[in-house]
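Student: sharing a model prediction with you, sequence too.
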Amino acid sequence: MGEKAHLQEYRELVVSIVDDDDSVRRSVRNLLLSVGLRVAVFESGKSFMGSPQRSYTGCLVLDLRMPEMDGLDLLAHLEAAGEHIPAVILTAHGDDEVRERARRAGVVAFLDKPVKSAVLIEGVQSALLRATGGSSVDES
């Protein structure tokens with residue numbers, strides 16, 4: 001499948017944003033909508049896990065630190081359920097140990113807050129390409 005076909009295919013998928021901070025959810029949602037992506041927002045990993053959008057999600061944009069279930073815990077739950085959704089982690093609390101855990105969990109991009117719009121969009125596009133079998137570039 002050519003790169004153009006992958007681009008069309010990934011635009012059919014949903015980018016699910018999981019963050020307990022409403023202002024982050026809104027700003028990331030608006031940014032991704034502005035580049036033509038389909039977006040769903042969730043205030044917790046638990047709400048995402050119970051959502052029907054889960055089966056249409058091609059990329060997760062996750063906060064690292066959230067109450068009850070952090071971003072890496074959510075990825076572990078999905079992995080245990082046999083689901084592999086490429087993810088972008090956003091955090092203000094990233095250290096080398098956490099970055100390594102994220103890398104082992106298959107995270108496509110581990111980005112420090114505040115993140116530049118272009119960097120976030122590139123990470124999401126890489127994750128969506130990975131979800132559709134296209135090439136992707138790991139970000140760190």
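Tutor: Right, received. Where do you want to start?
Student: distance of V28 from L90?
Tutor: Distance from V28 to L90, counting by CB to CB, to the nearest Å: 8 Å. Just so you know, the C-beta spots here come from the backbone N, C-alpha and C atoms, and that holds for glycine as well.
Student: now do the shared contacts for these two.
Tutor: Residues touching both V28 and L90 (CB atoms under 8 Å, 6 or more residues apart in numbering) are D19, V61, L120.
Student: which of the helices or strands spans the last one?
Tutor: Element membership for L120 (DSSP states H and E) is helix 117-131.
Student: now do that helix: which elements does it pack against?
Tutor: The helices and strands touching helix 117-131, judged by 3 or more CB pairs under 8 Å, 6 or more residues apart in numbering; DSSP states H and E, are helix 3-11, helix 22-34, strand 57-63, strand 87-91, strand 109-112.
Student: L120 contacts S34, correct?
Tutor: No. Contact between L120 and S34 fails when scored by CB atoms under 8 Å: they sit 11.6 Å apart.
Student: these two: which is more packed in?
Tutor: For L120 versus S34, neighbours defined as other CB atoms under 10 Å are more numerous around L120 (21 against 10).
Student: thinking again about what came up before, what's the angle between the helix holding L120 and strand 87-91?
Tutor: Interaxial angle, helix 117-131 versus strand 87-91 (axes from the mean of the first three to the mean of the last three CA atoms, to 10 degrees): 150 degrees.
Student: right, I'll call it a day here.
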